[in-house]
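In: could you work out the structure for the sequence below:
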Amino acid sequence: MKHVKALLIKFIASFVLLYIVLGVMYTMTFGEVFLLSLVLGIVAYLIGDLFILPRTNNLVATVADFILAWPIIYWFVDGMTAADNPFTASLIAALGVGVFEVFFHRYLANQVLPDQESNGNGTRNLRYQTEYAEEISEDRRRDK
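Out: Sure, this is the predicted structure:
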């Protein structure tokens, strides 16, 4: 249920952000922005938030989400609007999504992902121990 809540938060925030940038500034329709937010939200949540974020940190996951969002937004803007410069529109929208992702990753790390780490499958904070055998030190003393 926590993943559904997180996905819903991501969708709503992305939709509002993308509608302000693409709907108001670049005249994309409500339905087009809705579809873009749905596709981007699901893809970015699966790849950036559930795959990359637990294995890395917030910065790496945010950069990965930006790199993932930019071509998806560009593809939608290029195909659905008559904007003269879809590159600029997609860059502005992807930067906005990237800023949102910084705060969203903090929420995920504190509220959603700790449950996954407690079951023993987490790869964060691994602590390795080394052992120093007494036999090695005694052998060296005899050689001298």
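In: flag the shaky bits of this structure, pLDDT-wise.
Out: 83, 115-129, 131-144 (pLDDT under 70).
In: now with 50, please.
Out: 117-122 (pLDDT under 50).
In: any idea how far residue 80 is from the residue positioned nearest the centre of it?
Out: Centroid check for the chain by CA atoms, centre = their mean gives residue 48 as the closest residue, at 3.3 Å. In this view, residue 48 and residue 80 are 23 Å apart by CB to CB, to the nearest Å. Every C-beta, even on glycine, is put in place using the N, C-alpha and C of the backbone.
In: let me see the contact set for residue 3.
Out: Residue 3 is in contact with residue 112, counting by CB atoms under 8 Å, 6 or more residues apart in numbering.
In: distance of the residue nearest to the centre of the chain relative to residue 100?
Out: Distance from residue 48 to residue 100, by CB to CB: 12 Å.
In: residue 40 now?
Out: For residue 40 relative to residue 100 (CB to CB), the value is 11 Å.
In: also residue 43?
Out: For residue 43 relative to residue 100 (CB to CB), the value is 15 Å.
In: neighbour count: the two, which is higher?
Out: The residue with more neighbours, out of residue 43 and residue 100, is residue 100; 18 against 14, by other CB atoms under 10 Å.
In: that one - nearest residue in space that isn't next to it in sequence?
Out: Leaving aside its sequence neighbours, residue 100 sits nearest to residue 13 (CB to CB, 6 or more residues apart in numbering; 5.5 Å).
In: now residue 55, what's its secondary structure?
Out: Three-state assignment for residue 55 (DSSP: H, G, I helix; E, B strand; the rest coil): coil.
In: what's it sitting at in phi/psi?
Out: Listed backbone geometry of residue 55 is phi -100, psi -10, with angles given as degrees, to the nearest 10.
In: one more: the one 5 residues further on?
Out: Recorded main-chain torsions at residue 60 are phi -60, psi -40, according to degrees, to the nearest 10.
In: what sits against it?
Out: Taking CB under 8 Å, 6+ apart, one finds residue 52 in contact with residue 60.
In: and the one 4 residues further on, by the same measure?
Out: Under the criterion of CB under 8 Å, 6+ apart, the neighbours of residue 64 are 47, 48, 52.
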